[in-house]
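Colleague: quick one: sequence and predicted model below, then my questions.
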Amino acid sequence: MKSSNLEGIYLVLGADGNLGPGWVRAIVSSGGKVLALGLNATNDANLQSIFSEHPESLEVYDYDLNSSNPSFPRTKIKTGTIVTGN
């Protein structure tokens, strides 16, 4: 069987949803890097687990695409802890 190589950067929206963590794990396990966005993504246990295994390949942010003030996310998982920006 041919191995998959997903080098590159991928944006996963709804990363904390039902299918999101599976997509994130598949991408980082195949060599890709992921920017994962979700309503409560930084508190998602599945994403935290993936981050602990692949910290160099995953950035996780809380973000609401339906927000009336769509600015870049300010909360992310970084080096295993949750950090809130200014």
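Modeller: Received it, and whenever you're ready, just let me know what you need. Quick caveat, the model's predicted, so the values are computed rather than measured.
Colleague: neighbouring strands for the helix or strand hosting residue 10, and are they parallel or not?
Modeller: Per DSSP states H and E: residue 10 is located in strand 9-13. Using DSSP bridges, strand 9-13 pairs in its sheet with strand 33-38 (parallel).
Colleague: and the helices in the protein?
Modeller: Counting by DSSP state H, the chain has helices at residues 20-29, 45-53.
Colleague: quick one: buried residues of the longest one?
Modeller: Buried positions in helix 20-29, judged by neighbour count with 16 or more other CB atoms under 10 Å: 20-21, 23-25, 27-28. All C-beta spots, glycine's among them, are computed from the backbone N, C-alpha and C.
Colleague: out of these, which is nearest to residue 5?
Modeller: residue 27 (11.0 Å; CB to CB).
Colleague: point out where this structure drops to low pLDDT.
Modeller: Scanning the chain with the threshold set as pLDDT under 70 gives 1-3, 68-86.
Colleague: state the distance from the nearest residue to residue 9 once chain neighbours are set aside to residue 66.
Modeller: Closest residue in space to residue 9, ignoring its immediate chain neighbours: residue 33 at 4.8 Å, by CB to CB, 6 or more residues apart in numbering. According to CB to CB, to the nearest Å, residue 33 and residue 66 sit 26 Å apart.
Colleague: distance to residue 61 added to the buried residues of helix 20-29, as TSV?
Modeller: Below are these laid out as TSV (distance: CB to CB, whole Å):
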residue	distance to residue 61
20	13
21	15
23	16
24	12
25	17
27	16
28	16
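Colleague: report the distance from stretch 21-35 to the chain centre.
Modeller: 8 Å (CA atoms, centre = their mean, to the nearest Å).
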